[in-house]
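S.K.: Sharing a model prediction with you, sequence too.
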Number of protein chains: 2
Amino acid sequence: MRVPRAEREQQMLAAAEAVFAERGFRAASMEEIAARVGVTKPMLYEYFGSKDGLLVACIARASAELFARTGRAHADARDPEHRVRDGVRVFFDFIAGHGAAWSVLRSESALGTGPAADAVERLRRQQSDQLAAVLREHPPLAGRPPTSLAAYAAVVVGACERLAARQGTARALSPAEATDVVMETVWTGLGSA
Amino acid sequence: MRVPRAEREQQMLAAAEAVFAERGFRAASMEEIAARVGVTKPMLYEYFGSKDGLLVACIARASAELFARTGRAHADARDPEHRVRDGVRVFFDFIAGHGAAWSVLRSESALGTGPAADAVERLRRQQSDQLAAVLREHPPLAGRPPTSLAAYAAVVVGACERLAARQGTARALSPAEATDVVMETVWTGLGSA
DNA sequence: CACCGTACCTTACCGGGAGTAAGTTCGAGT
DNA sequence: ACTCGAACTTACTCCCGGTAAGGTACGGTG
């Protein structure tokens, strides 16, 4: 059956996300992704250019989703502390709900260096910048130079990621617990920095 | 020229580390690594079993090196705060000096799931446990359950990693600056947790 | 010294998956 | 109804991880 491009692309992204999550990026074959959509390989190349391109597109989609959610959380919260807390909470909820998408997002280093890796790094920056902007509103940090804020944001993001990566390995923390741990360790420090 | 196994293995690990760092794990070819050592492919398979095996061996070596250094730093420092600070500092110095080794170490997710990934995860845990042990000696955290200490350790490790990953992307922080940022944000929080 | 076993090393191959060239069919717009 | 482009396929190539089978130097033993 013939299907318009926009729709096909979404099907492909969904299938790719699933297969990448099941088999891991390396073991996933373009053949299987195509088959799952009911199409053949060259279509994937027509629309996404390469296997890396497909991965990047998956990451971009998941990342946009996460970005939108944290953005909404920030907008709804009433002060910087709650903005950070709620944003972190949304992150852990997102992981809990979309384990597959997340494991794809984390495949960053599967693409070594190159344009694809750069694209991922840009998305990552977007997320960090969003957080840095929130931190700037926090009185104790108000006067800090952007570089400094970016570094603090990086610390928070790193803490979240590493904690999230532990899910499935060690005894998992609930989203609520994980959020508490991050805020306990990091927020107090940011206040007195 | 014929060379004994132990020595050859070291040559191979050095070459692999370099090629993985230059090209990225996926783009690196066993052929090139072998050629750089002055040997042919089957030797690599004889000694390391597979491409993943070779990566794991590289990671194990770099990881052992880092582990030894942080261990030494912990032993030399006089109280928990300095143990953590010096350990973090050693980490950033390690990155600054061994960029190649680090980029290999970070390839964790290049190997999806499977026994190889498990091996890497064990090494990672080793590092986290070392830090958790130091944290246990910090009075405010003395009574905490191991799970909790492990989570705090994960936060610190994540913060360090993410900050390290920014080197080369944004304006880089010096090891000293990076250490200060981590301690400022995280240590204060750990004291009052 | 001559022999032999072992460890180091090679050549020559296979299979599979990424990526592509060229051609086919459906369907929307005039 | 005819065209023209977008959606789609078949049928390849090439590269690379991995392997089978065999060759060659070197230490030990009679």
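M.R.: Noted; the coordinates are in hand.
S.K.: does stretch A:15-28 come close to DNA strand C?
M.R.: Yes. With C-beta under 7 Å from any atom of the strand as the measure, stretch A:15-28 is seen reaching DNA strand C through residue A:28. Glycine gets a C-beta too; all of them are placed from N, C-alpha and C.
S.K.: pLDDT averaged over that stretch - what is it?
M.R.: Stretch A:15-28 carries an average pLDDT of 93.
S.K.: and it, which residues are buried?
M.R.: Under the neighbour-count criterion of 16 or more other C-beta atoms under 10 Å in any protein chain shown, stretch A:15-28 has A:15-21, A:24-26, A:28 buried.
S.K.: What residues does chain A have near DNA strand C?
M.R.: Residues of chain A lying close to DNA strand C (C-beta under 7 Å from any atom of the strand) are A:2, A:28-31, A:41-42, A:45, A:50-52.
S.K.: repeat that for 10 Å
M.R.: Contacts of chain A with DNA strand C, taken as C-beta under 10 Å from any atom of the strand, map to A:1-4, A:19, A:23, A:25-34, A:40-46, A:48-55, A:116.
S.K.: Quick one, which of those are buried?
M.R.: Neighbour counting with 16+ other C-beta under 10 Å marks A:19, A:25-26, A:28, A:30, A:32-34, A:43-44, A:48, A:51-55, A:116 as buried within the residues of chain A next to DNA strand C.
S.K.: Counting only helices, which of the residues you listed make the cut?
M.R.: A:19, A:30, A:32-34, A:43-44, A:48, A:51-55, A:116 (DSSP state H).
S.K.: among the residues you listed, which one has the lowest pLDDT?
M.R.: Lowest confidence among those: residue A:116, with 80.
S.K.: and the gap between it and residue A:154?
M.R.: Using C-beta to C-beta, to the nearest Å, one obtains 21 Å as the distance from residue A:116 to residue A:154.
S.K.: again, but for residue A:18
M.R.: Residue A:18 sits 31 Å away from residue A:154, going by C-beta to C-beta.
S.K.: same deal with residue A:72?
M.R.: Distance check for residue A:72 against residue A:154: by C-beta to C-beta, it reads 23 Å.
S.K.: any idea which element the residue nearest to the spatial centre of chain A lies in?
M.R.: With distances taken as C-alpha atoms, centre = their mean, the residue of chain A nearest its centroid is residue A:63 (4.5 Å). In the assignment (DSSP states H and E), residue A:63 maps to helix A:51-76.
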